[in-house]
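In: structure for this input, please:
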Amino acid sequence: MFAVEELKCEYRKNPIGLGARVPRISWKLRSDRRGTKQSAYRLQVSEDREFGSVAWDSGRVDSDESVHVTPDDLTVRSRTRYYFRVEAWNERGESSGWTETESYWETGLLEAAEWAADWISAPAGLNPEQPEACPMLRKPFRADGAVRSARVYAAALGLYELGLNGRRVGDSYFTPGWTSYDKRLQYQTYDVTELLVQGENVIGGWLGNGWYKGYLGWDGYNEMYGDRTALLLQLHVSFEDGREVVVRTDGSWKTATGPILMSEIYHGETYDARLERDGWSSPGYDDVGWREAEMIAHAKDILIPQENVPVRKIEEIRPIELLRTPGGDAVIDMGQNMVGWVRFTVCGEAGRGVEIRHAEVLDKEGNFYLGNIRSARQTIRYTKRRSEPESFEPRFTFQGFRYIRLIGFEEPIRLEDFTGIVVHSDMERTGFFECSDPLVNQLQHNILWGLKGNFLDVPTDCPQRDERLGWTGDAQVFARTATYLMNAAPFFAKWTGDLKAEQAEDGGVPFVVPNMLEKKPSKGGFPPPYNSAAWGDAAAIVPWTVYLSYGDKRILEDQYDSMKAWVEYIRQTGDNEYLWDTGFHFADWLALDAKPGAYMGATDMHFVATAYYAYSTSIVRKSAEILSKTEDAKRYAELYDGIVRAFREEYVTPSGRLAVPTQTAQVIGLHFGLLEGQAKEKAIAKLMKLLEESDHHLTTGFVGTPYLNFALSRNGRNDEAFKLLLQKDFPSWLYQVTKGATTIWEHWDGIREDGTFWSDAMNSFNHYAYGAIGDWLYRCVAGIDTDEAEAGYKRLRIRPQPGEGLTWAEGRLETMYGTVVSRWSRSEGGRMDVRIVIPPNTTAEIELPGAALAETRENGVILGTENGILSAEQAEGGVRLTAGSGHYRFTY
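Out: Next comes the predicted model:
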C-alpha cells in the first residue's frame, strides 16, 4: 500500500483568504512497508475542481521533496479558488495515483486598490450616558437570484464580530488580531454563502476596544493606537448568472449602542441584557433611532490577509468544586489555571445584577487572592432582562484564572451553571510526552497549558495582569518547546513579521512585539531604547527555530534582513565590534542568585550579551548559507570567529576558568559552544561544583534555565540533569507541581513553603518561560531531534538518554512528514526496550545508549543491515545505526 494523504497549503487544510503569491503545498505519504521514500512527484493546479483544464502542471519531477513544494511560475489572481492534486512515486517506481480528496486554496484581496470599502465608525457622543458602550453597525441589502458564492473580507480598528441574518459569521475571536497596527493590519475572509437568503438580508457588526483603543500596559494608558474603533468590510456576492454585488462599509450604514456597556481586555465586560436589540442583524428590524455611521480616513495599504491561525474556542472545562472561603466568598474552582472566560447561567428576577471576578490562586488562608493581578479588574458584570434563567458569555475580553468569585448569584449556586471556555490560537497539537513519573507528567501538562494560556494571537508573557505583552525574550527561550507541542509556524511567521515591522532603523529590536512601550511616555520602569540581549535575539532565534522544526526556508527569506540588521545593530553598539559591552540588558532575569530585592541575576549582563551576540551571528551565518548568500556567509563566519576570540579573551582567565562564576555563565558558555579544551572541561567541573554547593538545585533564571539540562546531558552529566528534573523541593520544576500548579510559574517561589507569595508586583502563575525544560524532555529524554542539515525532521536524530528515576519515557511528534515515536523502557534487570517509528520519506540516525552491537536485537532478530536498517556500527556510547521509515523495536 502506497498513498499520498493530508494535503495542505501553507500549513492549512483548504484555506481561504490566502495572501501568498507563491503558496507552498505539502503532503504526507502512507505506506505499510519499511524504507519507503518518494522518488518523484507530480503536482497539478486548476481552477476547475474536476481538472478539466490545468492552470499549472509540474510534470513528473524526480525528487523526494514533499514539503513546501511551490508552483513557482503560477500567477495567482485575487478572490480565486485553486484546486490542487498530487501523484507520487516511491523508490520502487510504484505510483500512488492522483489524490482524490478535494484540496484547494483560495486567495483573498491581494492588492490594496481592491478595497472599495470605507472605514466607518460610530459618531462621537453616540451614547453620552454610556460612553464606553460598544457600538453596533448594520446594513440591509438584497440578494435576488441563485447565489453561487459569497465572501466577506473584514478588518477593524479595535476588535469586531460580525452577524449575517442573525447568525454569527465565522468561529474566530479577537479578530483582526494584534499586529503592529501602524504598519500591518490583518483582514479576515469568511465564506458566508450558506448564510444568505433570497431577498432582503442584513449584515451587522459589533466593535470592541481590544488592543487598538483599550488599556494596554501597567502605566494605565489606553488609546495606544487610536481613539476610535472602526470597521472595514466588503461582501462580494456572486450569482449563478454571472452577476456580482458588492456590499461595502460606507456612510449608508447605521449605528447604535446596545447591551455591552464596557469591554476591555484587561478589565472584563459589563453587559445589561435589558438593552439587547432583538433581531438587529436580521431582516425586518426597525432601525429608527439609529444614527448614520461616519466615514473616517485611515490607511488601507497596511492591510494584509490573515497570517496567523485564528483564535477559537478550543475546549470546555467543568468546575470541580464550590468553595466558601474563610472571608465568606462563594468561589468556584475550575481545577485548571486557564485562559478564556466562563459561560454561565443566571437565575432570579429581572434586573438582578451579578458579578464574576477571576483569580489564579487562593491565599494561604484559602481566601480569594487578587494581588498579583495588579490593576487588571478581570470582572464580568451582567444584568438580567427577564425572570427566566439567562445564559451569557463575553465577546471581547479574556481572563487568566482558575478561581472565580461570585457576587449576586441566587442560592443555591449550581456548578452545572458554569463552564470554562478555553480560547487560544487554534494551532494543531503535534507533540506528546509521557513517562513513568506522574509528577513529570504533570509538569508536561503544565508546560502545555502555559502555551495554551499565552499563545493567544501573540506570545504573551502572562494572561492575567495588566501586561499580557509579546515579550521577545520569553518567546525565544520557549520557541523550540512550542514547535514541539503545536504547529506554531503560522503563529510565529505572523509575529516575526511584526517584529520586523517594529525594528528600528538602526536594527534594534524592542522588548515587546507589537511594541506599545514607545507609544506613550513611561511613568517609570525600563529606559529607552528598549533593546536587550536575549530579548532582541528573538529576531534571529525564532525564525531559525521555525526553520529547524518545519524545514521552512521562506521564514528565513522573509526575516533575513531583520536577522542581519539585529546583528549589525549589536556590532555598531559596542566600543569593540566583537563584544557587546554597553547598554542595559535584562541578563539572567529572575535568577535566584540575584541580590535581595533585585530582578536580574548575578551573571554579568555583558557576558550574557556577548554570548548571545555570538549565537545570533552563528544563526545569521547558517541562514546565509542556506539562502546561498555566499559573501554574507563568509562575512558572518569571520565575525563569529572574532566574537568567540574576544569572548575568550575577556571572560576566560589565563588558567582556563570563566571569570563569571555562576551556573548560568557556565551553562551558556557550554551550550553556545564558546568554550573548548581546558576551558570547556573547567566549565563543566565548575557547573558541577556550583550544583553540589546548592545541593543539586538550580539558581538559573530566564537565560540559563532553558539550556541548563542540555549543558549537562551533552557534556557527560546526564545523571545530574535527571537529578535536577526530579527535585521536588524549592527551587525546582516539580516544586511548583507539589504546590498544586497546573501551569508554569513566573518565579521559582511564586508560592513559598509557608504559603506566602512572592511580591504582588510581579508574580504570574501562568508564565511559560521556565517551561522551556520541555525542549530537553523531548530532545534528550525522549530523544527526538532533527538534523540541521536536513531540517524539518527530514533526517531524524533519535537518541534517547535514560536516567536514574525514570523507568520509561515516550515522545511522539507529528512532523511535516508524519508521526515520529521514540519510547524506551528499562527493566529492573537493566534490559532496554526501545521502540521507534519513522515516517515515510524520512531517514533516522539512531543511537541506542549502552547497547552492544552483537547483543542488540531488532524485533527479536540479531541487528543487521536489512529490512529498513541501512547501517549499524558500534560507537563509544552504544550502537549507532541508520534506518528508513517503519516501526522498529530494539532490545538489549
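
In: and the strands in the stretch 751-892 of the chain, which stretches?
Out: Along the stretch 751-892 of the chain, counting by DSSP state E, counting those that start in this stretch, strands occupy 784-786, 795-798, 808-814, 819-826, 832-838, 843-849, 857-858, 861-862, 869-875, 878-883, 886-891.

In: make JSON lines from those strands and add mean pLDDT, distance to residue 17 and mean neighbour count to it.
Out: In short, each C-beta sits where N, CA and C put it, glycine included. Compiled in JSON lines, the strands of the stretch 751-892 of the chain are given as follows (pLDDT from 0 to 100; distance: least, Cβ to Cβ, whole Å; neighbours: other Cβ atoms under 10 Å):
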{"stretch": "strand 784-786", "mean pLDDT": "98", "distance to residue 17": "31", "mean neighbour count": "23"}
{"stretch": "strand 795-798", "mean pLDDT": "98", "distance to residue 17": "34", "mean neighbour count": "21"}
{"stretch": "strand 808-814", "mean pLDDT": "98", "distance to residue 17": "25", "mean neighbour count": "21"}
{"stretch": "strand 819-826", "mean pLDDT": "98", "distance to residue 17": "30", "mean neighbour count": "20"}
{"stretch": "strand 832-838", "mean pLDDT": "98", "distance to residue 17": "36", "mean neighbour count": "20"}
{"stretch": "strand 843-849", "mean pLDDT": "98", "distance to residue 17": "37", "mean neighbour count": "22"}
{"stretch": "strand 857-858", "mean pLDDT": "96", "distance to residue 17": "48", "mean neighbour count": "18"}
{"stretch": "strand 861-862", "mean pLDDT": "91", "distance to residue 17": "53", "mean neighbour count": "10"}
{"stretch": "strand 869-875", "mean pLDDT": "96", "distance to residue 17": "44", "mean neighbour count": "14"}
{"stretch": "strand 878-883", "mean pLDDT": "97", "distance to residue 17": "41", "mean neighbour count": "21"}
{"stretch": "strand 886-891", "mean pLDDT": "98", "distance to residue 17": "39", "mean neighbour count": "18"}
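
In: residue 273 is nearest to which of the ones you listed?
Out: Closest to residue 273 of the strands of the stretch 751-892 of the chain, according to Cβ to Cβ: strand 808-814, at 43.6 Å.

In: out of the strands of the stretch 751-892 of the chain, which gets nearest to residue 316?
Out: Residue 316 lies closest to strand 808-814 among the strands of the stretch 751-892 of the chain, at 23.8 Å (Cβ to Cβ).

In: check the gap between residue 452 and residue 378 for me.
Out: Distance, residue 452 to residue 378, using Cβ to Cβ, to the nearest Å: 18 Å.

In: typo on my end, it should be residue 52
Out: Distance check for residue 52 against residue 378: by Cβ to Cβ, it reads 57 Å.

In: quick one, which of those two is more surrounded?
Out: residue 378 (26 against 8; other Cβ atoms under 10 Å).

In: now do the contacts for the more buried one.
Out: Residue 378 is in contact with 266, 267, 268, 357, 358, 359, 399, 400, 401, 464, counting by Cβ atoms under 8 Å, 6 or more residues apart in numbering.

In: next one: residue 673
Out: Each residue near residue 673 by Cβ under 8 Å, 6+ apart is listed here: residue 618.

In: do the same with residue 182
Out: Residue 182 makes contact with 225, 302 under the criterion Cβ under 8 Å, 6+ apart.

In: quickly find the element holding it.
Out: Using DSSP states H and E, residue 182 falls within no helix or strand.

In: now this structure, which segments are flagged as low pLDDT?
Out: Scanning the chain with the threshold set as pLDDT under 70 gives 527.

In: just the helices from it, written as ranges.
Out: Taking DSSP state H to define them, one finds helices in the chain at 210-213, 438-454, 472-485, 489-502, 538-550, 553-573, 605-626, 630-651, 663-671, 677-693, 705-713, 718-726, 733-738, 773-776.

In: dump stretch 246-254 to CSV, restricted to CA.
Out: Output of stretch 246-254 as CSV, limited to C-alpha atoms (Å, rounded to 0.1, in the frame of the first residue of the first chain):
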residue,chain,number,x,y,z
VAL,A,246,-20.6,44.2,-3.6
VAL,A,247,-21.8,45.4,-0.2
ARG,A,248,-19.3,47.6,1.5
THR,A,249,-18.9,49.8,4.5
ASP,A,250,-19.8,53.4,3.7
GLY,A,251,-21.9,56.3,5.0
SER,A,252,-25.2,54.3,4.5
TRP,A,253,-24.6,52.1,7.4
LYS,A,254,-26.5,52.7,10.7
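
In: residues in contact with it: which ones?
Out: Residues outside stretch 246-254 that contact it (Cβ under 8 Å, 6+ apart) are 116-120, 137-139, 141, 203, 231-237, 287, 290-295.

In: mind running it again at 7 Å?
Out: Stretch 246-254 is contacted by residues 116-118, 120, 137-139, 141, 203, 231-236, 287, 290-293, 295 when judged by Cβ atoms under 7 Å, 6 or more residues apart in numbering.

In: now stretch 551-567
Out: Residues from elsewhere that reach stretch 551-567 (Cβ under 7 Å, 6+ apart): 24, 67-68, 489, 493, 496, 499-500, 503, 507, 509, 536, 539-540, 543, 546-547, 616-617, 619-620, 623, 626-627, 791-792, 794, 816.

In: just give me the neighbour total for residue 738.
Out: By the criterion of other Cβ under 10 Å, residue 738 has 13 neighbours.

In: do you know how far it is from residue 774?
Out: 19 Å.

In: with residue 598 instead?
Out: Per Cβ to Cβ, residue 598 is found 28 Å from residue 774.

In: ok, these two, which is more surrounded?
Out: A direct count of neighbours by other Cβ under 10 Å for residue 598 and residue 774 places residue 774 higher, at 28 against 11.

In: touching, the more buried one and residue 482? I think so.
Out: No: the pair residue 774 and residue 482 fails to qualify as a contact (Cβ atoms under 7 Å) at a distance of 8.7 Å.

In: which residues of the stretch 351-500 of the chain fall in strands?
Out: Under the criterion DSSP E, counting those that start in this stretch, the stretch 351-500 of the chain contains strands at 353-359, 379-383, 390-392, 399-407, 418-425, 431-435, 455-456, 458-459.

In: right, so of the ones you listed, which gets closest to residue 83?
Out: Ranking the strands of the stretch 351-500 of the chain by proximity to residue 83 (Cβ to Cβ) places strand 418-425 first, at 27.5 Å.

In: direction included, what does the closest one pair up with?
Out: When sheet partners are counted by DSSP bridges, strand 418-425 sits next to strand 311-317 (antiparallel), strand 330-346 (antiparallel).

In: next, the angle helix 438-454 makes with it.
Out: Interaxial angle of strand 418-425 relative to helix 438-454 (axes from the mean of the first three to the mean of the last three Cα atoms, to 10 degrees): 70 degrees.

In: which residues are in contact with strand 418-425?
Out: 173, 308-309, 311-319, 332, 334, 338-344, 393, 398, 452, 455-457, 491.

In: just the buried subset of those, please.
Out: 173, 308-309, 311, 313, 317, 319, 332, 334, 338-344, 393, 398, 452, 455-457, 491 (16 or more other Cβ atoms under 10 Å).

In: which residues sit in contact with the residue sitting nearest the centre point of the chain?
Out: Note on the chain: the residue nearest the mean C-alpha position is residue 455, at 4.4 Å, using Cα atoms, centre = their mean. For residue 455, the contact set (Cβ under 7 Å, 6+ apart) comprises 424, 425, 427, 491.
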